[in-house]
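1. A predicted structure for the sequence below; I have some questions about it.
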Amino acid sequence: MRKVSMAMRAELVEAVGERYRSADRESKGRVLDEFVAVTGFHRKHAMRLLRAQRSGKVDGARPGRRIYDEAVRTALVVLWESSDRLCGKRLRPLIPILLEAMERHGHLDVAPDIKTKLTTMSAATIDRALREAKAGSRRPRRRGVAGTELRRSVPIRTFDDWDDPAPGYVEADLVSHSGPVAKGSFAWTFTLTDIATGWTECAPLLVREQTVLVAVLAELRALMPFPLLGFDTDNDSVFINETVRDYCAAGGITFTRCRPYRKNDQAWVEQKNGSIVRRLVGYRRFEGLSATAALADLYVAARLFVNFFQPSFKLAEKRRDGARIQKRYHAPATPYQRLLNDPRTSDATRTRLTEIFSGLDPVRLLRDIRAAQQRLVALADAANPSMVCEKSNTPSLEAFLSSLRTVWQSGDARPTASDEPKPKRGRRRPDPLIAVTMQLKRWFEEEPWRTGRELLEKLQAEQPGDYPDGLLRTVQRRLKIWRSEQACALVFARSSAAFRAIEDPIPHTIVDA
């Protein structure tokens, strides 16, 4: 039974009570049965309520109960403004302090009875007294870009909801190229993956912005061999906004989203983010126009190489047997092959794809991919990216083909697979020996056999209290560097002397005639 609110119960008592009190015994039973069924009250409790004579409710403020008058409220407003508009719970303990300070400096003169009322007010009473003053200062709360109403307008689609869709229903995601620190402006990769065939399109974004995203999506739609029918994204605000929603509605595209914090709902595109984007690009930081243009060159060749020459697995069936999950996959096939074998693909699309495939050279595409990757690495690792040449030295097709026979010997052939060289970490704290470094070095040169502890004790004897024993390890490290420099100088000096002796074995002597 649906619950009845307390206000509705009070109205029912007032409406039924008069009829109950004036009815005979049999009619009272029927009225009571109906009242108990509607309100859910116990029968005895319902009888007591209906028998009682209810006095009329007095509207407005109750007379004789007002404790804090207008003078108290005016003084409270002054204190509230002086506290920079604190809430009642924080203002209550501050009122005695504010009163004493403002009276001491002559800013306020409050009567003793008003002061007593101000100091005894509760936090809830303070908030009620300031309700009118606070109403004029409140601003409407700004809702986020992807507000509740906007999210509700985009339906949710889970991983299990894909029931063998036709080519054209894609999942979309963004991959950041921020490197180890997601700070500042950096490039992004916009990825689209078709559910039926695995066809994947990638494009770079200079900035993460919804109008730029829609413009890039329009370009990718022109490249795809099938019309875009469905667009499934995560709950990122760059996707869930009016711009993308209206674009999909105008193009007749079904716009859906996954559940928040459920990445497996987008398993198709998440898998391509790792096997295609990260495998091609790596994890370096790319920023600026040059890096974005290099990413675009990389994806021009990669889209043809991946979709026409990269077979992939596709899940056919998944069964659970207790804690064990058994998966069965289709035979590996390229997205191009799956698109040709799909009965829903038109003959015109098959003909066009066959013509494109017949003119593709996988070795040339791979060479272009390696050249674009090399340029990306050069831009990411360069101290000044503007000094990197616009076009890298692309080897000839014959030279690249011959290098494929031996490139396996040098490890991973992808330039982006190697980690970015980490700069040597410098000193992060001030040097505690900077004022006496030259003095310590002079002592070392005069007496190279001295240990670090002896040098530190000599320094402490000259400047007591300035250099504690905790600096012993620092002095020892400094001494190790100086000894290494001295040893290198001795070795190279002797080598140079021996080399000069070999070049000129006969010494120049002056012989008296």
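-> Yep, that arrived.

2. any idea how far Trp199 is from the nearest residue to Gly198 once chain neighbours are set aside?
-> Setting aside the residues directly before and after it, Gly198 is nearest to Pro335 in space (C-beta to C-beta, 6 or more residues apart in numbering), at 4.6 Å. The C-beta positions use only the backbone N, C-alpha and C, and glycine is treated the same way. Taking C-beta to C-beta, to the nearest Å as the measure, Pro335 falls 4 Å from Trp199.

3. about what we covered before: Asp194 is in contact with the residue nearest to Gly198, correct?
-> Yes: contact criterion C-beta atoms under 8 Å: Pro335 and Asp194 qualify, at 7.1 Å.

4. hmm, who's touching stretch 118-138?
-> Stretch 118-138 is touched from outside by 68, 72-73, 75-77, 79-80, 85, 87-89, 91-92, 95-96, 99, 110, with contacts defined as C-beta atoms under 8 Å, 6 or more residues apart in numbering.

5. Can I get it in PDB, CA atoms only?
-> These are the backbone C-alpha positions of stretch 118-138, laid out as PDB (Å, rounded to 0.1, in the frame of the first residue of the first chain):
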ATOM      1  CA  LEU A 118      22.400  37.800  21.300                       C
ATOM      2  CA  THR A 119      24.700  35.700  23.400                       C
ATOM      3  CA  THR A 120      22.000  33.100  24.200                       C
ATOM      4  CA  MET A 121      20.600  32.600  20.700                       C
ATOM      5  CA  SER A 122      21.100  29.100  19.300                       C
ATOM      6  CA  ALA A 123      22.600  28.500  15.900                       C
ATOM      7  CA  ALA A 124      19.300  27.500  14.300                       C
ATOM      8  CA  THR A 125      17.600  30.700  15.700                       C
ATOM      9  CA  ILE A 126      20.400  32.800  14.200                       C
ATOM     10  CA  ASP A 127      19.900  31.200  10.800                       C
ATOM     11  CA  ARG A 128      16.200  31.800  11.000                       C
ATOM     12  CA  ALA A 129      16.600  35.400  12.100                       C
ATOM     13  CA  LEU A 130      19.100  36.000   9.200                       C
ATOM     14  CA  ARG A 131      16.900  34.200   6.600                       C
ATOM     15  CA  GLU A 132      15.600  37.500   5.000                       C
ATOM     16  CA  ALA A 133      19.100  39.000   5.000                       C
ATOM     17  CA  LYS A 134      20.700  35.900   3.400                       C
ATOM     18  CA  ALA A 135      18.000  35.600   0.700                       C
ATOM     19  CA  GLY A 136      19.100  38.800  -1.100                       C
ATOM     20  CA  SER A 137      22.800  37.700  -1.200                       C
ATOM     21  CA  ARG A 138      22.300  34.200  -2.500                       C
END
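
6. rewinding a little: compare Pro335 and Asp194 (neighbour count), which wins?
-> Neighbours of Pro335 and Asp194, each counted by other C-beta atoms under 10 Å, are more numerous for Asp194; the result is 28 against 23.

7. any common contacting residues for Pro335 and Asp194?
-> Jointly contacting Pro335 and Asp194 under the rule C-beta under 8 Å, 6+ apart are Thr200.

8. Would you write out the PyMOL command that picks the buried residues out of the contacts of stretch 118-138?
-> Applying 16 or more other C-beta atoms under 10 Å to the contacts of stretch 118-138, the buried members can be selected in PyMOL as follows:
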select buried, resi 68+72+75+76+79+80+88+91+92+95+99+110
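
9. So which of the contacts of stretch 118-138 are in helices?
-> Among those, the members falling in helices (DSSP state H) are 72-73, 75-77, 79-80, 88-89, 91, 95-96, 99.

10. So for the residue nearest to Gly198, what's the pLDDT?
-> Residue-level confidence at Pro335 comes out at 92, pLDDT.

11. OK, contacts around it?
-> By C-beta under 8 Å, 6+ apart, the residues touching Pro335 are Asp194, Thr197, Gly198, Trp199, Thr200, Val306, Asn307, Phe308, Ser312.

12. Ser27: which of those is nearest?
-> Within the contacts of Pro335, the smallest distance to Ser27 is 72.9 Å, found for Asp194 (C-beta to C-beta).
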